[in-house]
Structures are given as structure tokens and as C-alpha cells.
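1. sequence and predicted structure below; questions after.
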Amino acid sequence: MAERSRPARGATLNDASRRFNLPQTEADGDWLDARETIDGAPPRLRTTVTIEKPRTIITRNQSPDIPFDRSINPYRGCEHGCIYCFARPSHAFHDLSPGLDFETRLFAKPDAPDLLRAELSKRGYVCAPIALGTNTDPYQPIEREWRITRACLELLAACDHPITITTKSDRVLRDLDLLAPMAAKGLAAVAVSITSLDPKVAMTVEPRAPAPHRRLAAVKALSDAGVPTYVSIAPVIPAITDHEIEHILDRAAAAGARGAFFLPVRLPHEVAPLFRAWLDAHFPDRATKVMGIIRDLRGGRDNDPNFHTRFRGQGPWAELLRTRFHIACRKHGMNKERMTVRTDLFRPPAGPQGELF
């Protein structure tokens, strides 16, 4: 039987990952008796949050096509429910589904500020920009109560440590009191992700992310406060959102964005079958066309994992997207400067004795 879409959720499937030989059996229990309500509608899924206690909080990478070497992710999983999210497969490490589990069974890291303080205090720590929002959104809805991103920012601000933030949420404005002074020192930059200006499309692609007009308002508020702000059109989904590139850049420039970047949709590991099922549920009239273009962009495959080409795509479709994007950016005077933050102001966190004065 075909899976049905659920209100305010992205994935239509919740299959377990098979990459790590995870258990494929389904435990029996009383909840099985209530899988469907009397009228046949799928039960409403509630978001749960589990405390995770990592040993470190700064994740480092050596990827040659990523412009930063360290990042912080206060949360694992993301309630925004973006169907294309490349972080979905990471839930398989917890014996959970990259589908609905990724959106509903979240992990929070409340020890993140203390772990960050310890790492920044290490002898020989070399300062470089820390990226927030590289795997899951640091301003997803649960940040309202957990405030882990806020606590990390407070520490980074006190140390004059440079940061870059990528988010889909206007909740970032809550921390403008920290970001504006940091930006005045050249220590902060923010990229707001906007993939569609069509509310219906946005609600389908990113069901629990703030509406497009709220994200544009966040771009304006950040820019007006002096925070270098950029717009991420990531991903571009062919035959669904690609026609909006010029319109998004026009609105972003009017809101004060200094620049923008885009990425063609990526479908690594379990994301590909989730995305195909989502297409069948929401865009059955063009599902074949969408996947055909994606395969053209990815060298005949659902996904291209190779460095450099994985973010650019290849072939005539990729070249057309790049040409349209660059023409629109030039028209609006965007991308005249790269997103940069300074690193020379960093000072290690004050020790317990120093905090007394």
C-alpha cells in the first residue's frame, strides 16, 4: 500500500536503514493497535527529545570542497522536516530511520557550551571560524526551549571567536543582541536558506520551517543591524523550484543580502528513496521528469558523492543553473565580496578565577 503524506511532516517513509545491518524486525507492543485512527488517518506524530552526551562538540573535517574546517551542531535530527536534507542518513547510526524518525526523534546536546569552553581553553588551540548549522539547523523549533545555540553563542561572543551561521529560521533574530556586536568587530556572518518563495511549495518541501516571507524579513533585520547576511538557495530542485532562482535573488537583494550561493539537490544514501517517495506523494505529475534531470546533473546517478562535483553538478543542466545564477547576481550587485570573518581577536575563555572579577 502506498504511503500517505502526513500534515506538517516531510518524509512519507520511515524505513530502517540497511547500511549498518540494523535490526529489521518490528517490536510488538500496544502502540501497534493504534497505528491508525478509526477514520483511517495516520496518527499524529509527536516530537521527542533525547539528551545526548558527546565527548566533544567541535566537529572537524578535511573535505577539500568545504570552506570551513570545524563546526558545531547542538542538535541531531531536525524538526523542520526538509525532505532533501543530506543529514538524514546520520540517524541510522542511532538505529533510527532517516525518514520520520529524523524529524520526530531528536537529540539535544545541553553540555555543548561546557564542552566548547574546554576545547577553546586547550593549550595550542588555533582559532578559525566555527560554522553553526552545517548538519542540522541550530535554530530549529526546539532551540526555543533548550537554548543550546544561544549558550554557545554567548561563549563565542565573550571570546571574540569568529562564527558563521546557516539557518532556515527567523529565530536567529532572537540572538541579534549577540550577533550585531560580533558583526561590528568582523566576527559574524549569517546565511539564511530560502529555497522557494511559494508558500505552498515551501510548506511541502520544508514543512516545519518558517514561511519564506519570515525568512526574508530576517535577512532585512540582520542586514539593517549590520550583520553581513547572505542567502542560500540550497537546494535547487529541478522542475519544482529552479524557476524561482531569479525571483529569490531579486527579493534577497532588496532585503539587503550581500551575496548568495546555490546548490543543486543532493540525494545521498537513504535520502534518494525518501525523496522519490515524496515526489510520488506530492508531485506525481512530474516525478519522472524531476528524477531524470537530477540524474543528468549527477552523471546518470541519483547522487554524485565526489568532491567538488557533488556541490556543482555536471552537464548542461548544471551549466544553465550556474549561468542564470551568476547573471542574476551581477544584475543586483551581489557577491562582490566573499563571506569572511576575522580570527585575530580571539582570546581563550576566562578560567573560574577570572570569572569572579
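-> In hand now; what should we look at?
2. kindly format the C-alpha coordinates of stretch 68-82 as CSV.
-> Taking C-alpha atoms only, stretch 68-82 is exported to CSV below (Å, rounded to 0.1, in the frame of the first residue of the first chain):
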residue,chain,number,x,y,z
PHE,A,68,35.5,25.6,6.8
ASP,A,69,37.3,23.0,8.9
ARG,A,70,35.2,23.0,12.0
SER,A,71,31.5,23.2,13.0
ILE,A,72,29.1,22.8,15.9
ASN,A,73,25.8,21.0,15.8
PRO,A,74,23.8,21.5,19.0
TYR,A,75,21.2,19.0,17.8
ARG,A,76,20.9,15.8,16.0
GLY,A,77,17.9,15.4,13.7
CYS,A,78,15.8,18.3,12.7
GLU,A,79,12.1,19.1,13.1
HIS,A,80,12.0,21.3,10.0
GLY,A,81,11.5,18.1,8.0
CYS,A,82,13.2,19.1,4.8
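3. would you mark the buried spots in that stretch?
-> 69, 71-82 (16 or more other CB atoms under 10 Å). Quick note: C-beta positions are derived from backbone N, CA and C, even for glycine.
4. just stretch 313-320 next, same as before
-> So, applying 16+ other CB under 10 Å, buried residues of stretch 313-320: 313-314, 317-318.
5. check those residues and tell me the two furthest apart.
-> 314 and 317 (8.6 Å; CB to CB).
6. list residues touching both of these two?
-> Both residue 314 and residue 317 are in contact with residue 297, where contact means CB atoms under 8 Å, 6 or more residues apart in numbering.
7. longest helix anywhere in this structure?
-> For the chain, the longest helix by residue count, based on DSSP state H, is helix 315-331.
8. got a list of contacts for that one?
-> For helix 315-331, using CB under 8 Å, 6+ apart, the contacting residues are 233, 236, 238, 242, 245-246, 249-250, 259-260, 262, 264, 293, 296-297, 299, 312-313, 335.
9. what's the mean pLDDT across it?
-> For helix 315-331, the mean per-residue pLDDT is 97.
10. so residue 138 versus residue 94, what's the distance?
-> 19 Å (CB to CB, to the nearest Å).
11. go through the contacts of helix 315-331 and flag which are in strands.
-> Counting by DSSP state E, the part of the contacts of helix 315-331 found in strands is 233, 236, 259-260, 262, 264.
12. just the buried residues of stretch 313-320 now: which is nearest residue 87?
-> Using CB to CB, those come closest to residue 87 at residue 313, 19.8 Å.
13. and that closest one, what does it touch?
-> Contacts of residue 313 (CB under 8 Å, 6+ apart): 264, 297-298, 304, 321.
14. can you flag the buried ones in these?
-> 264, 297-298, 304, 321.
15. mind putting the buried residues of stretch 313-320 into CSV with distance to residue 273?
-> Below are those laid out as CSV (distance: CB to CB, whole Å):
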residue, distance to residue 273
313, 21
314, 23
317, 22
318, 23
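16. and of those, the nearest to residue 158?
-> When the buried residues of stretch 313-320 are compared against residue 158 (criterion: CB to CB), the nearest one is residue 313, at 41.1 Å.
17. over to the closest one: give its phi and psi.
-> Phi and psi for residue 313, reported as degrees, to the nearest 10, are phi 80, psi 170.
18. how much space separates it from residue 82?
-> With CB to CB as the criterion, residue 313 and residue 82 are 19 Å apart.
19. low-confidence ranges, the stretch 51-200 of the chain, go.
-> Judged against pLDDT under 70, the stretch 51-200 of the chain has no low-scoring part.
20. which residues of it fall in strands?
-> For the stretch 51-200 of the chain, the strands identified by DSSP state E, counting those that start in this stretch occupy 58-60, 70-72, 75-76, 105-108, 130-132, 163-167, 188-193, in order along the chain.
21. same drill for residue 138 and residue 94, tell me which one is more crowded.
-> Using other CB atoms under 10 Å, the more surrounded residue of residue 138 and residue 94 is residue 138, with 28 against 17.
22. perfect, I'm done here.
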